[in-house]
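Novice: fold the following, please.
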Amino acid sequence: DVLPYGAITVGEKGEVLADMEAMAEYVAAFSDDGRGVQSEEMMRSAMMKAKSLGKIIAAHCEDNTLLRGGYIHDGRYCAEHGHKGICSESEWGQIARDLRLAEEVGCELGGYVGYQVRFDDRTGADTRLKLMTDGILLAETQDDRDLRQYHTIILDEAHERSLNIDFLLGYMKLLLARRPELKLIISSATMDAGSFSEFFGGAPVINVEGRTYHVDMHYMPPRHSEEEQPDHVCRAVQWLSEYDAKGDVLVFLPGEREIRDCAAELERLDLPRTDIPPLFARLGLSEQQRIFHPAKGRRRIVLATNVAETSLTIPGIIYVIDSGEARISRYLPGRQIQRLQVEPISQASARQRAGRCGRVTEGVCIRLYSETDFENRDAFTDPEIKRSALAGVILRMADLKLPPLGEFPLPDPPSPRLVNEGYKTLREIGAIDRGLPIFEMIILNSLWERDVKLRMLVVFQTSVGLCCQKCPIGTGQYHPGQLRHQQQRGNGEL
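Specialist: Numbering: from 1, shown residues only. Sure thing, here's the model as predicted:
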């Protein structure tokens, strides 16, 4: 939730000064929002946010790098002094957040508040608060190496540690040496704040509790080794239905196939006044927006991938069912392939999922695994750079005009042995040291997320005129889900 503009300020000694009249207007606007929230509770929540925001602003004024755990304010502070950019990995999250901020500020989308994602730029000359994906910000560094248009940059959901996030962290460390006046805020609910602070030379860490209601944790491991996941999820839903047949439920599943299987099994339960909407990355924008506009008088059981873990906050969720699994991209050195395989999530991801409830009232999180299993899991998810073939990473960094991998600052740099293997792979397939024509380099860089050997296959096909006949081979290897979906719709063409 966003506090009203001007509701709080910070005094000369760093004390928090709250405008009670503005607070009262905030409470009046949201006390009758249909969620049964009482005015006293809203005032308590608003005052907690005011105190937290005061701490953040005070630290923000004193230091040019700030790490925050668990809270993001509305982003209007210091906007008068220049653009403020808020950056995260998810396009969905940026669009949803921008719509909310524009509503709170009282401006049209693309005015004071705007966003930019792939193929969609909703910013204008009056935009002062810009939300964008990490890829957009990296692209802007190509034309504006010092990012002069920004006074403040917020890197949100930094715990996800994608390649783009790590590239930005290293780039910002170099940029702060050239622009000491730039304000950098790194935020996440579950990041390893200590290592981030050390990376930025002892940057201050502000921990702010964002959840205001208690969440009960329950562990419900499989009854036996042969219990299928759809049956396991149905058992958890039935247990919750006996406890409360009206509260909305968010179920975390590894992928689209698991979502469809569980949806079919839940439909057989014939739960009264219950909708079962899916939520995964390939949904269209109109289908995504249905999640945020629930039908009155009906319960929702939202079946989602980890896109709902951090990218989106679904309103009205009271219960969470966590399968404890996610599809994670990982490079297998022995087979020299990149696979998107189902793996157990880390403790940090499990806490992030549990945090999806307990926002509007007391919540319940059911983990479909044992407490011992949870305690034995990794504390944090491995950074993507440790799960990727470094040959592709090296090409991507060259495309972004970043220093070589061994010289570029990274929070978790790969070992020199793996870096050397990456360069060796590129030399073996002729991707470097042979003076590629400009059109071949464009193909290589545009396909950087694919296996580097497939990229060179496409380059070779282009050079000998076989691209049209052979490209579907490389595409099919990395998009089997999309091809299967097209065939189910009766589309025989690739």
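Novice: list the buried residues for stretch 374-389?
Specialist: 374, 377, 380-381, 383-389 (16 or more other CB atoms under 10 Å). No exception for glycine: its C-beta is placed from N, CA and C like everyone else's.
Novice: and stretch 280-296, by the same measure?
Specialist: 280, 283, 288, 291, 294.
Novice: what would these look like in a markdown table with secondary structure and pLDDT?
Specialist: Converted to a markdown table, the buried residues of stretch 280-296 look like this (DSSP: H, G, I helix; E, B strand; the rest coil; pLDDT from 0 to 100):
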| residue | secondary structure | pLDDT |
| --- | --- | --- |
| F280 | coil | 87 |
| L283 | coil | 77 |
| Q288 | helix | 73 |
| I291 | coil | 80 |
| P294 | coil | 79 |
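Novice: dump those residues into TSV; add distance to A193 as well.
Specialist: TSV is the format used below for those (distance: CB to CB, whole Å):
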residue	distance to A193
F280	30
L283	33
Q288	31
I291	30
P294	35
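Novice: which of those sits closest to I185?
Specialist: Nearest to I185 among the buried residues of stretch 280-296, counting by CB to CB, is Q288 at 27.0 Å.
Novice: return the helix or strand in the chain with minimum mean pLDDT.
Specialist: One helix or strand of the chain scores below all others by mean pLDDT, DSSP states H and E: helix 480-488, with a mean of 39.
Novice: which one among the buried residues of stretch 280-296 gets closest to F119?
Specialist: Closest to F119, out of all of those and judged by CB to CB, is Q288, at 15.6 Å.
Novice: the closest one contacts L279, correct?
Specialist: Yes. Here Q288 reaches L279: they are 7.5 Å apart, a contact under CB atoms under 8 Å.
Novice: buried set for stretch 196-212?
Specialist: 196-197, 199-200, 203, 205-206, 208, 210.
Novice: of those, which belong to strands?
Specialist: The strands, defined by DSSP state E, take in 205-206 from those.
Novice: coming back round to it: out of the buried residues of stretch 280-296, which comes closest to G355?
Specialist: G355 has its nearest neighbour among the buried residues of stretch 280-296 in I291, at 17.6 Å by CB to CB.
Novice: contacting residues for the closest one?
Specialist: Counting by CB atoms under 8 Å, 6 or more residues apart in numbering, I291 touches 277, 279, 302, 312, 314.
Novice: which members of the residues you listed define the maximum pairwise distance?
Specialist: Checking the contacts of I291 with CB to CB, the most distant pair is P277 and L312, at 12.6 Å.
Novice: ok, back up a step: please convert the buried residues of stretch 196-212 to CSV, extending it with pLDDT and distance to Q336.
Specialist: CSV is the format used below for these (pLDDT from 0 to 100; distance: CB to CB, whole Å):
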residue, pLDDT, distance to Q336
F196, 89, 32
S197, 90, 36
F199, 93, 31
F200, 92, 35
A203, 89, 38
V205, 87, 40
I206, 83, 43
V208, 72, 44
G210, 58, 42
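Novice: can I get the buried residues of stretch 196-212 in a markdown table including distance to L129?
Specialist: Converted to a markdown table, the buried residues of stretch 196-212 look like this (distance: CB to CB, whole Å):
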| residue | distance to L129 |
| --- | --- |
| F196 | 24 |
| S197 | 26 |
| F199 | 27 |
| F200 | 23 |
| A203 | 23 |
| V205 | 24 |
| I206 | 20 |
| V208 | 20 |
| G210 | 20 |
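Novice: of the buried residues of stretch 196-212, which belong to helices?
Specialist: Per DSSP state H, helices hold the following members of these: 196-197, 199.
Novice: quick one: the strands in the stretch 351-494 of the chain, in order.
Specialist: For the stretch 351-494 of the chain, strands defined by DSSP state E, counting those that start in this stretch occupy the ranges 363-367.
Novice: pLDDT weak spots in it?
Specialist: Along the stretch 351-494 of the chain, the model assigns pLDDT under 70 to residues 431-494.
Novice: over to the stretch 1-150 of the chain?
Specialist: In the stretch 1-150 of the chain (pLDDT under 70), the answer is 1-84, 88-100.
Novice: please repeat the previous calculation with a cut-off of 50.
Specialist: 1-8, 10, 12-16, 26, 30-38, 60-62, 68-81 (pLDDT under 50).
Novice: need the mean per-residue confidence for stretch 171-190.
Specialist: What stretch 171-190 shows for mean pLDDT is 90.
Novice: put the alpha carbons of that stretch into PDB.
Specialist: The C-alpha coordinates for stretch 171-190 follow below in PDB (Å, rounded to 0.1, in the frame of the first residue of the first chain):
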ATOM      1  CA  TYR A 171      27.500  -1.700 -13.300                       C
ATOM      2  CA  MET A 172      26.100   0.400 -10.400                       C
ATOM      3  CA  LYS A 173      29.200  -0.200  -8.300                       C
ATOM      4  CA  LEU A 174      31.300   1.200 -11.100                       C
ATOM      5  CA  LEU A 175      28.900   4.000 -11.800                       C
ATOM      6  CA  LEU A 176      28.800   5.200  -8.200                       C
ATOM      7  CA  ALA A 177      32.500   5.900  -8.400                       C
ATOM      8  CA  ARG A 178      31.800   8.200 -11.300                       C
ATOM      9  CA  ARG A 179      28.600   9.700 -10.000                       C
ATOM     10  CA  PRO A 180      28.800  10.000  -6.200                       C
ATOM     11  CA  GLU A 181      25.600  12.000  -6.100                       C
ATOM     12  CA  LEU A 182      23.500   9.200  -7.500                       C
ATOM     13  CA  LYS A 183      21.200   7.500  -5.000                       C
ATOM     14  CA  LEU A 184      20.900   3.700  -5.200                       C
ATOM     15  CA  ILE A 185      18.400   1.700  -3.300                       C
ATOM     16  CA  ILE A 186      18.500  -2.100  -3.400                       C
ATOM     17  CA  SER A 187      15.400  -3.800  -2.000                       C
ATOM     18  CA  SER A 188      14.100  -7.200  -1.400                       C
ATOM     19  CA  ALA A 189      12.200  -9.100   1.300                       C
ATOM     20  CA  THR A 190      14.500 -12.100   1.500                       C
END
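Novice: hey, where'd the strands end up in the stretch 201-350 of the chain?
Specialist: 205-207, 215-219, 248-252, 274-275, 278-279, 299-304, 317-322, 325-332, 337-344.
Novice: for those strands, which one ends up most surrounded?
Specialist: strand 248-252 (a mean of 26; mean count of other CB atoms under 10 Å).
Novice: what does that one contact?
Specialist: 233, 237, 240, 262, 294, 299-306, 308-309, 314, 316-323, 326, 353, 356-357.
Novice: ok, so of the buried residues of stretch 280-296, who is nearest D156?
Specialist: Nearest to D156 among the buried residues of stretch 280-296, counting by CB to CB, is Q288 at 18.8 Å.
Novice: for the closest one, give its distance to F280.
Specialist: With distances taken as CB to CB, to the nearest Å, Q288 is found 10 Å from F280.
Novice: all the strands of the stretch 51-200 of the chain, residue numbers only.
Specialist: Under DSSP E, counting those that start in this stretch, the stretch 51-200 of the chain gives strands at 65-69, 83-88, 113-117, 120-122, 129-133, 150-155, 183-188.
Novice: closest one to P409 out of the buried residues of stretch 374-389, please.
Specialist: Nearest member of the buried residues of stretch 374-389 to P409, counting by CB to CB, is I385, at 12.5 Å.
Novice: which one is that closest one nearest to, not counting chain neighbours?
Specialist: D166 (5.5 Å; CB to CB, 6 or more residues apart in numbering).
Novice: residues in contact with the one you found?
Specialist: 383-385, 410-412.
Novice: now do L269
Specialist: 234, 237-238.
Novice: which of these are buried?
Specialist: Buried among the contacts of L269 by 16+ other CB under 10 Å: 234, 237.
Novice: and of the contacts of L269, the nearest to G106?
Specialist: Looking across the contacts of L269 and measuring by CB to CB, the closest to G106 is V237, at 40.2 Å.
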